[in-house]
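A.B. asks: Dropping a prediction and its sequence here:
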Amino acid sequence: EDQVTQSPEALRLQEGESSSLNCSYTVSGLRGLFWYRQDPGKGPEFLFTLYSAGEEKEKERLKATLTKKESFLHITAPKPEDSATYLCAVPGNNFNKFYFGSGTKLNVKP
Amino acid sequence: NAGVTQTPKFRILKIGQSMTLQCAQDMNHNYMYWYRQDPGMGLKLIYYSVGAGITDKGEVPNGYNVSRSTTEDFPLRLELAAPSQTSVYFCASRGQGDNQPQHFGDGTRLSIL
């Protein structure tokens, strides 16, 4: 069964303190990985899609990378507005279903 | 730019009552999904649909029913509400193509007392 695990569950950073979030998965065949950001009281908002090992995507202070077994979301010099829960998801065999990790709650202090 | 619209935003039900959570999308997406999110947990798939008239079960379908009579609407029905169904419910839609992300509504917060 496909499974997605995210770590850490929560991360507290000072503004400007860079760090990384991890998303590991067990799937029968990598079909891609999606990152989302979720603000309190809101639905998840799409950030990135990664398809193949070695692929990288960037958006402002965020960079997502992908290996055969895991993905990292690197946050460089974060700001308080980056505080949110970050979710990753992998598609099922036929892309009809998606399996989500439990998320990493990021808190960036000024 | 409505995207995915969910109603109501909040609801309190008594045990044994029934209700329908509404979801509508205006992007002409074929795929639609219902998830529940419990505190500190990720999204668990309840039901999904690949097009009008076609629905299928997800990971946690027990206690719920869906229908998809139009491309735009995907209502979720709770019959005989139970405290275990207290959660935040999210609806999402997705366009055709493997690289298409899901677009989410802002959720319905449901409490069963």
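C.D. replies: That came through, no problem.
A.B. asks: quick one, what contacts B:V88?
C.D. replies: With contacts defined as Cβ atoms under 8 Å, 6 or more residues apart in numbering or on different chains, B:V88 is in contact with B:R36, B:Q37, B:D38, B:G107, B:T108, B:R109, B:L110. Just so you know, the C-beta spots here come from the backbone N, C-alpha and C atoms, and that holds for glycine as well.
A.B. asks: quick one: average pLDDT of whichever helix or strand A:T85 is part of?
C.D. replies: Counting by DSSP states H and E, the element that carries A:T85 is strand A:84-91. In this model, strand A:84-91 has an average pLDDT of 95.
A.B. asks: could you pull out the strands for chain B?
C.D. replies: B:4-7, B:10-13, B:19-25, B:31-37, B:43-51, B:54-57, B:64-66, B:76-78, B:87-94, B:102-104, B:108-112 (DSSP state E).
A.B. asks: got a pLDDT number for the residue of chain A most remote from its centre?
C.D. replies: Note on chain A: the largest C-alpha distance from the chain mean falls to A:P110, namely 22.5 Å (Cα atoms, centre = their mean). Per-residue pLDDT puts A:P110 at 95.
A.B. asks: check contacts around it.
C.D. replies: Residues near A:P110 by Cβ under 8 Å, 6+ apart: A:E15, A:P80.
A.B. asks: re the thing from before, of the contacts of B:V88, which one scores lowest on pLDDT?
C.D. replies: B:D38 (93).
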